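Asker: Next input, structure requested:
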Amino acid sequence: MPHSTRFNRMNLPLISYLIALLCIVVFYFQYKNENLLEQDISAFCSEIKSVASDVSAMNKMVTDNNLCRLMIKRIEQRPDLTVSALIHRYFWFEDLTPGQFSALTAYVEQHHADYAKKYTASLKKDLVYFPQSADPLKMLTSALAHGDIWHLIGNLIFFLAFAPAIEIVMARAWAFLGICIVIIVSSSLAYSASVWLGQEALPALGLSGLVMGMIGLFAALMPREKIRVFVWILIYFGNVYIPAWLLALWFIGWDSLNLLLGTGDPAINLVAHVAGAVTGYVLGYVCLKKRIKDPAIYLPRQ
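Answerer: Model prediction:
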């Protein structure tokens with residue numbers, strides 16, 4: 001796992017550390033919100049009164065607390081879907097007639113409306129990026145939000161391995177911030193374009209589009225700079241030093257191959273990964289490389 005370069009011991013890359021800190025703060029509020037959400041949904045579902053209905057799914061909503069909790073949580077987290085579309089996607093009631101399904105949908109909608117009046121709303125739905133909307137604000141907030149603690153830790157390790165060095169050699173904090181925003185917006189728009197062309201629309205969150213942009217940018221500016229990578233193979237573990245161009249080829253190439261073959265994890269936004277990496281590399285090679293002729297001048301003298 002890449003974790004640092006020679007540049008990481010120099011100066012103070014404020015923007016890189018600020019982005020990392022914002023991710024941690026946002027995740028803290030996400031974590032608190034998720035706990036409250038779970039508690040409130042459990043309390044609400046335990047209060048649902050019995051219903052006289054010939055629709056077994058409705059009765060199951062009353063007797064199966066877990067089904068009720070999962071359904072309310074899905075509605076909270078997927079405001080981009082109608083309730084009927086959400087039930088079709090995440091739940092299976094194939095034995096229902098069209099009339100029974102309509103009654104079930106109305107029943108669930110009413111219960112969610114009752115929940116929304118007095119209980120905790122999901123913070124995640126206000127942060128994630130829905131590709132159908134192309135909302136610029138959600139592009140930025142979604143980059144700072146993460147699905148779980150391991151998603152956060154993994155992204156921050158990779159981000160802090162590359163971003164501080166780039167910020168240092170650029171020597172302009174606000175220019176670096178602008179580059180970060182361009183990469184985030186570009187990767188989000190690429191994802192939206194893929195959805196408009198027919199790819200399934202899933203909410204997106206996480207810093208990985210920007211992380212891949214940093215890898216591409218680093219490879220363009222400092223292809224021969226060695227990256228410290230922690231490896232663990234059977235009984236051997238330790239740091240090895242790998243040129244940036246080779247790491248970029250591995251990470252970007254692997255994601256590109258999975259995207260082309262359709263073999264990647266559906267939960268990973270490969271379009272945003274590849275678009276972020278390409279954007280970072282193009283920005284570095286076309287716009288910045290001539291201005292930063294020798295990054296080694298930013299290193300301390302031996």
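Asker: what's the offset of the lengthiest helix in the chain from the middle of its chain?
Answerer: Secondary structure of the chain per DSSP state H: the longest helix is helix 14-46. What separates the centre of helix 14-46 from the centre of its chain is 14 Å, taken as Cα atoms, centre = their mean, to the nearest Å.
Asker: That helix: which residues count as buried?
Answerer: 15-16, 19-20, 23, 26-27, 30, 33-34, 37, 40-41, 44-45 (16 or more other Cβ atoms under 10 Å). Any C-beta I mention is one placed from the backbone N, CA and C, and that applies to glycine too.
Asker: Then stretch 103-112?
Answerer: Residues of stretch 103-112 classed as buried by neighbour count (16+ other Cβ under 10 Å): Ala103, Leu104, Thr105, Tyr107, Val108, His111, His112.
Asker: where does the stretch 201-302 of the chain have low pLDDT?
Answerer: Within the stretch 201-302 of the chain, the stretches falling below the threshold (pLDDT under 70) are 233-237, 291-302.
Asker: Let me know the closest of the buried residues of helix 14-46 to Val185.
Answerer: Distance to Val185, by Cβ to Cβ, is smallest for Ile19 among these, at 14.8 Å.
Asker: that older thread, among the buried residues of stretch 103-112, name the ones in helices.
Answerer: Those of the buried residues of stretch 103-112 lying in helices (DSSP H): Ala103, Leu104, Thr105, Tyr107, Val108, His111, His112.
Asker: now the residues you listed in CSV, with distance to Val185 and pLDDT?
Answerer: Written out in CSV, the entries for those read as follows (distance: Cβ to Cβ, whole Å; pLDDT from 0 to 100):
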residue, distance to Val185, pLDDT
Ala103, 44, 83
Leu104, 40, 83
Thr105, 36, 88
Tyr107, 41, 84
Val108, 36, 87
His111, 38, 85
His112, 33, 90
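Asker: The residues you listed into a markdown table, with extra columns for distance to Met71?
Answerer: Formatted as a markdown table, the entries for these read as follows, by distance: Cβ to Cβ, whole Å:
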| residue | distance to Met71 |
| --- | --- |
| Ala103 | 15 |
| Leu104 | 10 |
| Thr105 | 11 |
| Tyr107 | 10 |
| Val108 | 6 |
| His111 | 8 |
| His112 | 8 |
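Asker: how about those residues, which pair is most distant?
Answerer: The widest separation within these (Cβ to Cβ) is 15.2 Å, between Ala103 and His112.
Asker: Among the buried residues of helix 14-46, show me the least confident.
Answerer: Checked by pLDDT, the buried residues of helix 14-46 have Cys45 as the lowest-scoring entry (85).
Asker: if I pick that residue, what's in contact with it?
Answerer: The contact partners of Cys45, taken as Cβ atoms under 8 Å, 6 or more residues apart in numbering, are Asn65, Cys68, Arg69, Ile72.
Asker: May I ask you to confirm that the first one is in contact with Glu47?
Answerer: Spelled out, that is Asn65. No - with contacts counted by Cβ atoms under 8 Å, Asn65 stays clear of Glu47, the gap being 10.5 Å.
Asker: Among those two, which residue is more densely surrounded?
Answerer: Per other Cβ atoms under 10 Å, whichever of Asn65 and Glu47 has more neighbours is Asn65, with 14 against 9.
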